[in-house]
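J.: prediction below, plus the sequence it came from.
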Amino acid sequence: MTTGNKSFNMMDGLPEPPAKGIYFDNIATTPVAPEVVEKMIPLLTEHFGNPSSMHSFGARAGDEVAEARDKIQALVGAAQASEIVLTGGGSESDNLAIVGTLHAYPRKKHLITTAVEHPAVLGLCRDLEKRHGYEVAYLSVDGKGHLDLDELRDSLREDTAVVSVMMANNETGVIFDVEEVGAIVKENGSVFHVDGVQAAGKLPLDLKSSTIDLFSLSGHKLHAPKGVGALYVRKGTKIRPLIVGGHQERGRRAGTENVASLAGMGVACDLAAANIDKENSAVRDLRDRLEAGLLAAIPDTQANGDADCRLPNTTNISFKYIEGEGILLLLDRVGVAASSGSACTSGSLEPSHVLRAMGLPFTLTHGSIRFSLSRYNTRDEVDYVIKALPPIIERLRLITPFNEQRATF
C-alpha cells in the first residue's frame with residue numbers, strides 16, 4: 001500500500017495475534033459457559049425425552065424444563081414461575097410481547113417505541129405500519145442517548161395498546177430509566193414491554209416490584225446457547241399466542257421445548273446471578289481501562305453515550321474520519337473481535353441508527369466501534385488491544401490525508 005512516497009504493508013509492526021484470539025463482542029453473543037455445556041450434554045445424549053410424554057424419559061425432560069423456568073424466574077425477580085414463557089430467543093420474545101398484545105386489544109391501533117431500539121423491535125414496528133395499518137410513535141433521544149419523558153407523555157393516546165422500550169441499548173450500553181417510563185405508561189392504561197435482552201445478567205432485576213408487564217430475554221446474551229429465550233408476562237397481562245398448536249407454555253407458545261438449551265439457560269441464569277457483582281466491578285474496571293487507554297492513545301476519538309449510566313461491559317468509541325469496517329477488518333487480522341453496532345445489521349453499510357438518532361455527525365458515526373466485554377476477559381487482553389489499535393487507526397488515516405477526509409465526510 002502506498003501513501004505519497006511511502007509504501008508499507010498495513011500489518012507491518014503490528015503485534016502477533018494471540019493464539020486463541022480476543023473476543024470483545026459479547027453484546028452480539030457470548031461464549032457458552034463450561035458449566036452450561038456440562039449440563040446440556042446428558043440431555044442431548046441420554047435424557048432425550050419429550051417433556052409432554054408420560055413415561056420416565058418425558059418426566060425427566062419435564063423436570064429439567066421446570067427447573068430452568070424456576071432459575072429464569074429467580075434471575076429476573078418474577079413473582080411466579082408461571083409468569084415465564086419459554087421462547088426461541090429474544091426476537092421471538094419481542095414479537096410475542098408486542099404482537100401478542102396488539103392481538104389481545106384489536107381495537108387499539110397505536111403503539112410507541114424509541115428510535116434506538118434493536119432491529120427485533122424496530123423492524124417489527126415498521127412492518128406493523130407498512131403491512132397492518134398500525135400507527136407507531138418513535139421517541140427521540142438526546143446526545144447522551146436518553147429519552148425525553150415529556151415526548152412520551154405527549155405521544156400517549158387512548159388507543160395506545162403497548163409501549164416498548166429497551167432497558168439497555170445494544171450499541172452504546174446506555175440504560176433507560178424504565179421504571180419512570182413505566183409509571184407514565186401505566187397512568188395511561190397501556191401495556192408496558194421492556195426489551196431486557198442486554199440487561200439480564202448485568203443489572204439487578206426485581207420484576208415483581210416493577211411497572212413492567214412484559215420483559216424479553218435471550219440465552220445467548222448471558223453465556224447460554226443461541227436459539228433459546230424467555231418472555232416474562234406479569235400475571236393478569238393479556239397476550240395472544242403467535243405460535244398455535246400444542247398446549248405448551250399454558251397455551252401461550254406452542255411447540256416442543258428445547259430441553260437441553262433451556263436447561264443450559266437455567267444454569268447460565270444461576271451463574272449470571274452469582275456473578276452480577278463481578279459484572280459491575282471487575283468487568284466494569286476492564287471496560288474503563290480499555291476506554292481510557294484508547295482515548296488517551298488515539299487522537300480525534302470520542303466515547304458515545306452517557307458515561308455514568310450504561311452497562312458495565314460496554315463502550316462505543318468513534319474514530320473520526322475513517323470507516324468502522326476497515327477498523328474491524330484489521331482488528332480481526334490481529335486476533336481481536338469487536339463490532340460496529342448491532343449484529344443484526346452488521347451487513348449494512350449504513351451508519352448506526354442509534355448514533356444518528358443521538359445527533360452525531362457522519363465523521364463519528366461511520367467510524368464507531370463497540371467493544372463489549374465479559375467476565376471471561378482479562379487485563380492482558382485489554383492491554384493488548386490498547387497496544388494494537390493505535391497503529392491500525394494511524395495507518396487507516398494515512399490512506400487518505402486528514403484534509404481530504406474532512407472534505408469527504
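T.: Sure thing, it's come through.
J.: just the CA coordinates of the host helix or strand of E64, formatted as CSV?
T.: In the assignment (DSSP states H and E), E64 maps to helix 56-76. Extracted in CSV, the C-alpha atoms of helix 56-76 (Å, rounded to 0.1, in the frame of the first residue of the first chain):
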residue,chain,number,x,y,z
SER,A,56,-40.0,-41.6,32.7
PHE,A,57,-38.0,-40.2,29.8
GLY,A,58,-40.6,-37.5,29.4
ALA,A,59,-40.8,-36.8,33.1
ARG,A,60,-37.1,-36.3,33.3
ALA,A,61,-37.2,-33.8,30.5
GLY,A,62,-40.2,-32.1,32.0
ASP,A,63,-38.4,-31.7,35.3
GLU,A,64,-35.5,-30.1,33.5
VAL,A,65,-37.8,-27.6,31.8
ALA,A,66,-39.4,-26.7,35.2
GLU,A,67,-36.1,-26.2,36.8
ALA,A,68,-34.9,-23.9,34.0
ARG,A,69,-38.1,-21.9,34.4
ASP,A,70,-37.5,-21.5,38.1
LYS,A,71,-33.9,-20.3,37.5
ILE,A,72,-35.1,-17.7,34.9
GLN,A,73,-37.7,-16.6,37.4
ALA,A,74,-35.1,-16.1,40.1
LEU,A,75,-32.8,-14.1,37.8
VAL,A,76,-35.5,-11.6,36.7
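J.: show residues contacting it.
T.: 43, 47-53, 78, 80-81, 83-84, 86, 196, 200-201, 205, 207, 215, 217, 230, 232, 257, 259, 262-263, 265-267, 269-270, 272-273 (Cβ atoms under 8 Å, 6 or more residues apart in numbering). All C-beta spots, glycine's among them, are computed from the backbone N, C-alpha and C.
J.: you'd agree L149 is up against V181?
T.: Yes. L149 is within contact range of V181, at 7.0 Å (criterion: Cβ atoms under 8 Å).
J.: who's more crowded, the two?
T.: V181 (23 against 14; other Cβ atoms under 10 Å).
J.: specify the local secondary structure of the residue lying closest to the more buried one once chain neighbours are set aside.
T.: Once flanking residues are discounted, V181 sits nearest to V165: 5.3 Å by Cβ to Cβ, 6 or more residues apart in numbering. Under the three-state scheme (DSSP: H, G, I helix; E, B strand; the rest coil), V165 adopts strand.
J.: and V165, what is it in contact with?
T.: V165 sits in contact with 113-114, 117, 139, 147, 176, 178, 181, 192-195, where contact means Cβ under 8 Å, 6+ apart.
J.: same thing with P15?
T.: With Cβ under 8 Å, 6+ apart, P15 has these contacts: 334, 384, 387-388.
J.: repeat the analysis, applying 6 Å as the threshold.
T.: Applying Cβ atoms under 6 Å, 6 or more residues apart in numbering to P15 gives the contacts 334, 388.
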